[in-house]
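> A structural model of the following input is requested.
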Amino acid sequence: MKLFHYTDVSAVQSILRNRKLWLTDLRFMNDSTELLHGIEFLQAALKQQPYGLFYDKRYAEEAVEYLASSLSEYEDAARLEDPVFAMSFSEKDDLLSQWRGYGGYSVCFNREYLQDCDLKLSSCVYTKASKLERALRATSEAGAKVSECMGRNGGCLDLELIDQLVALVELAATFKDAGFEEEREVRMIVRPHISEIKYRPRNGMLVPYVEIEIPAEAIEGVHVGPVREQGLATVSMKMFMNSIESINRSNGGDVEWCVPVERSTTPYRS
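Numbering: from 1, shown residues only. Sure thing, here's the model as predicted:
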């Protein structure tokens, strides 16, 4: 299956030249309210917890309170530990709303190649019923594991609890408003070691990000969107791609690796 990352020409150049993807801290992505949307569903699900069979009843209430307060820290962007990073793709090619929102280019990736690199790819969820069902199931499992862990440790916390919290945040990152369903978004989500986090300046602040190296074969194409001078932009991108393919061969890469550059047929005035 193909995945498309819509972006600007600078990002395309960087991806092709360095074969690295930049994943941004969820709280610093273009629309940070998306994470809040997912956390709201999780908070609502926690309030409905029935403390099921697998809960340690002695710590059931404390477990739910721990998860709720920790999610609130993510909601308020107050939590410094265990940040989660993501990058967005779409299953839809040549989509007008994506050209408008994210830039005049898209890079086509092979989903199987990315998954073979042990990269986690999760399809976004759009319907209210599906989000609530997944939130209830996930918070129930997390609450049970946290209460069991507290039971083993006399009410104390340990690293296992952090894993449960991060798993909930990762799920929240896949909950999107139904109005965006046409995007068919897929998110790559990682939880890096603190030593892997880098920072870039944007809009007067430092934005945390991580670089993920991918094989050349994961890149299957470049599409030039409805930009000004589209024909000339396509010619220059083809020339650049030819130089990247030549460098790849010189470095012992696959001689058959070839990335086609295509023009969008979507009409749009920038």
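> got the contact list for the closest residue to residue 2 other than its chain neighbours?
In space, and not counting its chain neighbours, residue 2 is closest to residue 108: 5.4 Å by CB to CB, 6 or more residues apart in numbering. All C-beta atoms are positioned from the backbone trio N, CA, C, and that covers glycine. Residue 108 is in contact with 2, 3, 4, 93, 219, 220, 221, 222, 223, counting by CB atoms under 8 Å, 6 or more residues apart in numbering.
> and if we set it to 6 Å?
Contact analysis of residue 108 by CB atoms under 6 Å, 6 or more residues apart in numbering lists 2, 4, 220, 221.
> state the pLDDT value of the second one.
Residue 4 is assigned a predicted lDDT (pLDDT) of 98.
> hang on, it is in a helix, isn't it?
No - membership of residue 4 in a helix is not supported by DSSP: H, G, I helix; E, B strand; the rest coil, which gives strand.
> right, and it touches residue 92 too?
No - contact criterion CB atoms under 6 Å: residue 4 and residue 92 do not qualify, at 7.0 Å.
> higher neighbour count, the two?
residue 4 (23 against 18; other CB atoms under 10 Å).
> for residue 94, see how far away the more buried one is.
Distance, residue 4 to residue 94, by CB to CB, to the nearest Å: 8 Å.
> element containing the closest residue to residue 139 other than its chain neighbours?
Of all residues not flanking residue 139 in the chain, residue 45 sits nearest, at 4.4 Å (CB to CB, 6+ apart). Assigned by DSSP states H and E, residue 45 belongs to helix 33-47.
> over to residue 144?
helix 128-152.
> what segments of this structure are strands?
2-7, 20-25, 85-90, 105-110, 120-123, 185-190, 198-202, 205-213, 219-224, 261-263 (DSSP state E).
> from the contact counts, what lies against the first one?
Read that as strand 2-7. If you count contacts as 3 or more CB pairs under 6 Å, 6 or more residues apart in numbering; DSSP states H and E, strand 2-7 packs onto strand 85-90, helix 96-102, strand 105-110.
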